[in-house]
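> What shape does this take:
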Amino acid sequence: MTNRIDLPLEGMTCASCASRIGRSLSKLEGVDQADVNFASSKATLIYDPDVVDEDTFKATVEGLGYSVPENPDQEEAERKHLAMLTRRLIVATVLAVPALLISLFPLFEFTGSRWVAGALTTPVLFYSGYGFHRAAWMNIRHGSTTMDTLISMGTLAAYLWSVTVLVFNVQGGSVYFDTAGAIIALILLGKWFEARAKRSSGDAIRALAELGSNVALLEDGTEIPTDQLIVGMRFVVRPGEKIATDGLIVEGHSAIDASMVTGEPVPVEVGPGDEVIGATINANGSLVVEATKVGSDTALSQIIQLVEEAQGSRADVQRLADRVSAVFVPIVIGISATTLAGWLLAGYGVNSAFTAAVAVLIIACPCALGLATPTAIMVGTGRGAQLGVIIKGGEILEQTKEVNVVVLDKTGTITEGRMELVDVVTDSDTDETTARRRAAALEAKSEHPIAKAVSAGVDDLPTTTDFENLPGSGVTGMIDGVTVLVGRRSLFDSVPADIEEAATASENLGRTAVLAGWTDPDGGSTAHAVFVVADRVKPTSREAVDAFHDLGTEVVLLTGDNQRTADAVGAEVGVDYVVAEVFPADKATEIARLQEQGKHVAMVGDGINDAPALAQSDLGIAVGTGTDVAIEASDLTIVSGDIRAVADAISLSRRTLTIIKGNLFWAFAYNTAAIPLAAAGVLNPIIAAGAMGFSSVFVVTNSLRLRSFKGYRRSTSSTPRPTAPSATHEPAASQPANA
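Here you go, the predicted model:
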């Protein structure tokens, strides 16, 4: 048995800190996985509680020189951190600028000006730069190095050399007080911008957390805090109010604006029997709602939890950055020492050699590498949550890049999933009432949407015995002394011509034909009635298929329904081909067959029978209106039933991955180009400090561009493609199956 814990952290200053904490936690006995996210200041651990506990984790973190706050408030911690940076930046700026002017411009020089520059720089170095020196010392004590080591070494070297020149009056020696002070000020400025940008990257998840209603109005007029609601309580939702928690409407009709949770831009009409999500807004009518989920079980709470887990995850592409960060600092220190020695051996003066060596230390800080991936994941998954798209982890982002086939389930995915009985046809010897009562009695024992449509509205059902569900074929049971069968043609020994004709006609219209019959005196079974069930295609399904085509993917309709009905639906929405009459268990086999052809498959489904296919696919996408089993088996979840959100999910994932790769490219390119320039003496340490700070700000700002992602549901629809008949495709299994 394993547990999962999210451990808040304080004191991390760079990606190397996160890597060091992660390595130490991973080495603990009983820890299966330890991921430390620098951007979110959080460690996520999977561990065996019988072997290791939270106290051990805290002791390990604190032993490394970091801390675990007792009652973490992420927003408050970020606010305090930003306030601290602001104070130190103000001090650094006020004191470093005069020191810089005195040192660089003869106009400001006077007798003893170098001593004044030293006095101005001292508080900058030891107050404003305290955090860098403290972190560097803690790391050195534990035999490790981070970016703070580079900053501390560079600024202290510049300061101590300058003090030596002044105190001992070294002839020809230059002082670098201005360099030390300016480096601290510029790096703090970059940290300040970075902290502000990182706060923005978490805005989406904070906005989600604030969506919920604080109070609920009970039927008797009593107002109670939302957290005191329990399942079964009924509460009133007046026009314009937020729905207090997930529930079922028992009275009233209205339109619900669910855009903040599902991303749906258009309010949805609801009435008695409809489910509603907490935190959505009641647009007009008054409603009475019975609570079905409260607290951490609500849809909003689950969304927040999933997004937080995703934001703490790592994409595979980040591993390269982690490996580089772990060895980068020691290498840079070596390069800096080599630079110093090289300049001296080449006959250059101490001043030139020292300047180049310090520039190497300062410009090489790998901050941007550490921020490149986690900030993009935080912003991307947060924006996805605002659009009703839940991405379960950073690794999922990478899986979308290769997807070139989207497989869609039919019922509940392309169609509304609300089947309605539109016609009943019987043979000349059968009474419709008898056929309906017998079929309804059997179908009432099934949870399938088609079964519910057949049984709806029939009262006084006869007694059923020996009920049996025949997967992929139908149901059977003993009623009125005969064995009644309801399902596909294959159940019956005989299907009269008029029944076959009625079934074929309904299927040609894209409807589902369910046959009902019973045993004959001679022991055979004959179909005596056709129940015609219709499931409307969602009005947005065609737009979704067009969007998939825009993304460069093939679209496949995979269903257990009969071939004629599936072809009609496929032609209506414009899929590339149809795979019909597939047993539930064989859906995963069909996905595997596509994968064997070298295709990378995304499967979209909403039912329990879709779970194996979702798990088999390269990218499983669950429609949030479906079952918990389907959602658990998926990699992505769309909260609404609008499958255009699937296109949004794929597009957003690809966009996020592009941002991550862009961040990593510029971070690597920056260091690759800048270190040789610094070693060659081309870059002054002050310019190097500014460039290093800018690189981190650039990476975070680039990630924040994801906040403007709109998606297909928010942008203007593309021109519809002409409808063409879909080509059929032979199913993996030839046996008949349930619709």
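
> Mind picking out the helix or strand in this structure with the poorest mean pLDDT?
Every helix and strand of the chain was ranked by mean pLDDT, DSSP states H and E. The lowest is strand 727-729, at a mean of 35.

> you'd agree residue 190 is up against residue 696?
Yes - with contact defined as CB atoms under 8 Å, residue 190 reaches residue 696; the gap is 5.4 Å. Where C-beta positions appear, they are placed from N, C-alpha and C, glycine not excepted.

> Provide a list of residues in contact with residue 525.
483, 485, 491, 492, 493, 494, 517, 518, 519 (CB atoms under 8 Å, 6 or more residues apart in numbering).

> Look up how far residue 489 lies from it.
11 Å (CB to CB, to the nearest Å).

> re earlier: looking at residue 190 and residue 696, which is more packed in?
In terms of neighbours (other CB atoms under 10 Å), residue 696 is the more surrounded of residue 190 and residue 696; the figures are 28 against 25.

> doesn't that one fall inside a helix?
Yes - assessed with DSSP: H, G, I helix; E, B strand; the rest coil, residue 696 lies in a helix.

> any idea how far it is from residue 670?
10 Å.

> Now stretch 685-693: average pLDDT?
The predicted model gives stretch 685-693 an average pLDDT of 69.

> same deal with stretch 620-635?
59.

> confidence score at the residue positioned nearest the centre of the chain?
The residue lying closest to the centre of the chain (CA atoms, centre = their mean) is residue 391, at 2.5 Å. For residue 391, the pLDDT comes out at 76.

> thinking it is in contact with residue 648, fair?
No - using CB under 8 Å, residue 391 is not in contact with residue 648; the gap is 10.8 Å.

> who touches both of these two?
Contacts common to residue 391 and residue 648, judged by CB under 8 Å, 6+ apart, are residue 384.

> Enumerate every residue touching the residue nearest to residue 228 when sequence neighbours are not counted.
Excluding the flanking residues, the one nearest residue 228 by CB to CB, 6 or more residues apart in numbering is residue 216, at 8.0 Å. Applying CB under 8 Å, 6+ apart to residue 216 gives the contacts 223, 224, 225, 226, 228, 229, 233, 235, 244, 245.

> quick one, what contacts residue 462?
When contacts are counted by CB under 8 Å, 6+ apart, residue 462 touches 437, 438, 441, 479, 480.

> Show me which of those residues are buried.
437, 438, 441, 479 (16 or more other CB atoms under 10 Å).

> if I've got this straight, the first one is in a helix?
Yes - according to three-state DSSP, the state of residue 437 is that of a helix.

> Select only the buried ones of the contacts of residue 216 in ChimeraX?
Selection command for ChimeraX covering only the buried members of these, criterion 16+ other CB under 10 Å:
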select :226,229,233,235,244,245
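
> out of the contacts of residue 216, who's nearest residue 41?
In terms of CB to CB, no member of the contacts of residue 216 lies closer to residue 41 than residue 226, at 28.7 Å.

> Angles on the backbone of the closest one, please.
Backbone geometry at residue 226, expressed as degrees, to the nearest 10, gives phi -60, psi -30.

> Hmm, it is touching residue 218, no?
No - counting by CB under 8 Å, residue 226 does not reach residue 218; the two are 11.5 Å apart.

> Kind regards, and thank you for your time.
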